[in-house]
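>>> Quick one, structure for this:
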Amino acid sequence: MTLAINVAGLRKSYGDKVVLDGIDLTVAEGTIFSLLGPNGAGKTTTVQILSTLLTADDGKVVVAGHDLAANPSGVRGSIGVTGQFSAVDNMLTGEENLLLMADLHHLSKAEGRTRAAELLAQFDLVDAASKTPMTYSGGMRRRLDLAMTLVGNPRIIFLDEPTTGLDPRSRRTMWDIIRQLVKDGVTIFLTTQYLEEADQLADRIAVLNGGKLVAEGTADQLKRLIPGGHVRLQFADIPRLNHAAHVLGGTRDDDALTLSVPSDGGVQSLRSLLDQLAIDLVEVDSLSVHLPDLDDVFFAMTAKETADEHTGTRGA
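Predicted structure coming up:
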């Protein structure tokens, strides 16, 4: 596995306020890594440090093979950043915004026009190319913003809350664009408060709370950290339900003719349950697996910070 980003012991404070308290993380090339956390957890600060906009107090950071402290210009030449707030110039047309970015990347006039035309087509903005972004919908503005980030063909893109304020259709359009970028070999570092977004897009997810990473893994791995997962068995009648409850235990619902058996939803757990059903001649009409979602993970992993705030204290 080749790493696009490698962070060890990253620290940042503002006076007595510790924003990042020695975080470690790795991001593989050609993947989507999502950083979750409540407001003030340090997500944007992390992005600003990794993208050279802020200086860390301590820690070792390598981005696209470049040491952040020793070669920040190398990092800047390999990345693109789309922040929470649009960088689009409302006085320029969509095409002019892209041409401006081409000039900033020192492309020739011909190269700039070719690249702008490619991106306008890729982001379905050809018909809006000669219009100013003031006439664009929110989704169109975000697409133009991301297109501007791609003018320099960055290997790594930092997306900080990329779909904030978009309607569901526009959000899903952005998801499709992000997935395609990854298929083309781009690495995405995503921060978002939309947990469904992380669940849908991210190969790996980390939860940042109180300046520390409190959990990391795939969406499924994180969901299995939280109790409450179960397999729900559906039965045809009460006698079959009675037999299953006697054999398996669990929580029964006589009205619904269901039995909920604790499970982490893993393959081995399901195989063991199916084997037990066969051995004990338990007749089941159907079964379904129910796991905690990322909302459950988020609330469980950030509960201590919330409790500290209510009591007027702050975790270390």
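
>>> Going along the chain, name the strands of the stretch 1-150 of the chain.
Along the stretch 1-150 of the chain, counting by DSSP state E, counting those that start in this stretch, strands occupy 3-14, 17-28, 32-36, 58-63, 66-67, 79-82.

>>> Direction included, what does the fourth one pair against?
Counting by DSSP bridges, the strands paired with strand 58-63 are strand 3-14 (antiparallel), strand 66-67 (antiparallel).

>>> Which one of those lies nearest to Thr251?
Checking those against Thr251 by C-beta to C-beta gives strand 3-14 as the closest, at 42.7 Å. Glycine gets a C-beta too; all of them are placed from N, C-alpha and C.

>>> Report the inter-axis angle for that closest one versus strand 17-28.
For strand 3-14 against strand 17-28, the angle by axes from the mean of the first three to the mean of the last three C-alpha atoms, to 10 degrees is 180 degrees.

>>> Give the rounded mean pLDDT of strand 3-14.
Strand 3-14 carries an average pLDDT of 96.

>>> State the pLDDT value of Met174.
The model's pLDDT for Met174 equals 88.

>>> same question, Asp295
84.

>>> If you count neighbours, what's buried in the helix or strand encompassing it?
According to DSSP states H and E, Asp295 maps onto helix 294-301. For helix 294-301, the buried set under the neighbour-count rule, 16 or more other C-beta atoms under 10 Å, comprises Leu294, Asp296, Val297, Phe298, Ala300, Met301.

>>> Next up, the contacts around the residue positioned nearest the centre of the chain.
The central residue of the chain, meaning the one whose C-alpha is nearest the mean C-alpha position (C-alpha atoms, centre = their mean), is Ser34 at 2.8 Å. With contact taken as C-beta atoms under 8 Å, 6 or more residues apart in numbering, Ser34 is in contact with Leu190, Thr191, Thr192, Glu197, Ala198, Leu201, Ala202, Arg204, Ile205, Ala206.

>>> Redo those residues as a markdown table? Include distance to Arg232 and secondary structure.
As requested, the contacts of Ser34 are arranged in a markdown table below (distance: C-beta to C-beta, whole Å; DSSP: H, G, I helix; E, B strand; the rest coil):
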| residue | distance to Arg232 | secondary structure |
| --- | --- | --- |
| Leu190 | 32 | strand |
| Thr191 | 34 | strand |
| Thr192 | 30 | coil |
| Glu197 | 27 | helix |
| Ala198 | 26 | helix |
| Leu201 | 28 | helix |
| Ala202 | 27 | coil |
| Arg204 | 29 | strand |
| Ile205 | 26 | strand |
| Ala206 | 30 | strand |
